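Chemist: Okay, predicted coordinates and the sequence, questions at the end:
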Amino acid sequence: MTVGADLPPGAESSATVEEASAVPDADPAYSETSLPLPASIERMPSEAGVETPCTSLLCQMDPATDVVLLTLCVMVCVVATMSVPKLVALLREIAWELLDLFACRR
């Protein structure tokens, strides 16, 4: 088997140990047996130190806005819970009135 025969097409088969040891903090025994990184990976910037900015609406709001929105949601839920039984009772009364009206017309 020739050196570099298992590399993908287009990769140089004359890779040396010096290229493999270009990985920072790599164990010397590992760098002797590992293949060199492709050029596209070596050019990629390290994303470990770069923080990506939060773009969602929840990340951009301050805590006071969160408290206000939470309070509003609770108030809407309470109002909806209290008004639904009254609305059902009103609709039931309207339905009975309509039934009485139709019964009187016959």
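Modeler: Ah, there it is.
Chemist: can you give me the helices for this structure?
Modeler: All helices of the chain, identified by DSSP state H, fall at 17-20, 28-33, 39-43, 57-60, 63-105.
Chemist: Quick one: mean pLDDT over the longest one.
Modeler: Which is helix 63-105. Mean pLDDT, helix 63-105: 93.
Chemist: Equivalent analysis for the fourth one, please.
Modeler: Predicted confidence along helix 57-60 averages 75 (mean pLDDT).
Chemist: would TSV of the helices of the chain with distance to Glu51 and mean neighbour count be doable?
Modeler: C-beta: built from backbone N, CA, C; applies to glycine. Output for the helices of the chain, formatted as TSV (distance: least, C-beta to C-beta, whole Å; neighbours: other C-beta atoms under 10 Å):
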stretch	distance to Glu51	mean neighbour count
helix 17-20	31	13
helix 28-33	30	10
helix 39-43	21	9
helix 57-60	12	9
helix 63-105	20	10
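Chemist: any idea how far Cys59 is from Thr52?
Modeler: Distance of Thr52 to Cys59, computed by C-beta to C-beta, to the nearest Å: 11 Å.
Chemist: do the same with Ser83
Modeler: Counting by C-beta to C-beta - Ser83 and Cys59 are separated by 34 Å.
Chemist: Please apply the same query to Phe102.
Modeler: Counting by C-beta to C-beta, the gap from Phe102 to Cys59 is 58 Å.
Chemist: Same check on Leu87?
Modeler: Leu87 is 38 Å from Cys59, by C-beta to C-beta.
Chemist: Please report phi then psi for Cys54.
Modeler: When read as degrees, to the nearest 10, the backbone of Cys54 gives phi -80, psi 130.
Chemist: ugh, typo on my part, it should be Asp62
Modeler: phi -80, psi 160.
Chemist: How many neighbouring residues does Pro53 have?
Modeler: Pro53 has 6 neighbouring residues, counting by other C-beta atoms under 10 Å.
Chemist: swap in Arg106?
Modeler: For Arg106, using other C-beta under 10 Å, the count is 4.
Chemist: how much space between it and Cys54?
Modeler: Using C-beta to C-beta, one gets 68 Å for the distance from Arg106 to Cys54.
Chemist: Before I go, just wanted to say thanks for your time.
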